[in-house]
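[1] just a sequence and a predicted model for now, questions to come.
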Amino acid sequence: MTARVTTLSVWRGGAEDGRFERYEVPFEEGMSVLDALRWIRAHADSSLAIRYSCINANACHTCMALVDGRVEYTCTARLTPAGVTVAPLPKRPVIRDLVTDTMPVEEKLDCGA
Ligand code: FES
């Protein structure tokens with residue numbers, strides 16, 4: 001029996017100098033996009049920057065990204081056998097890869113620098 005795989009195209013880098021990179025990941029029915037992103041970090045590229053906390057409860061709201069062009073929680077968005085494209089949230093400054101600056105401006109510390 002051969003293992004099923006699918007492809008994730010993931011934004012890497014900053015907003016101006018980034019590009020999509022493709023990763024082949026194992027596919028099982030019911031896997032979330034976050035499962036695949038965590039697999040990439042553990043098995044293919046530990047430098048991938050992602051943000052998450054509760055993993056699958058849709059409770060922490062930190063894992064949001066653009067999944068196939070729609071804003072989704074990556075922990076509840078389902079991986080598909082046809083592949084998925086994941087990009088950082090729009091209208092937010094990209095820190096790196098899928099991590100964006102989500103802190104409201106009024107909550108940022110002014111260090112006077
Ligand atoms: S990881 Fe907490 S809502 Fe997705």
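    Now that the structure is in, tell me what you want to look at.
[2] can you tell me which residues in the protein are near the ligand?
    52-55, 57-63, 73, 75 (C-beta under 6 Å from any ligand atom). Heads up, the C-betas are built off the backbone N, CA and C, glycines and all.
[3] in a markdown table, list the residues you listed along with neighbour count and secondary structure.
    Formatted as a markdown table, the residues of the chain next to the ligand follow (neighbours: other C-beta atoms under 10 Å; DSSP: H, G, I helix; E, B strand; the rest coil):
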| residue | neighbour count | secondary structure |
| --- | --- | --- |
| Y52 | 19 | coil |
| S53 | 11 | coil |
| C54 | 13 | coil |
| I55 | 13 | coil |
| A57 | 10 | coil |
| N58 | 10 | coil |
| A59 | 11 | coil |
| C60 | 13 | coil |
| H61 | 12 | coil |
| T62 | 15 | coil |
| C63 | 24 | coil |
| Y73 | 22 | strand |
| C75 | 24 | coil |
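[4] from those residues, pick the one nearest A44.
    Comparing the residues of the chain next to the ligand against A44 with C-beta to C-beta places Y52 closest, at 17.2 Å.
[5] tell me the phi and psi of the closest one?
    Note on Y52: its backbone torsions stand at phi -160, psi 160 [degrees, to the nearest 10].
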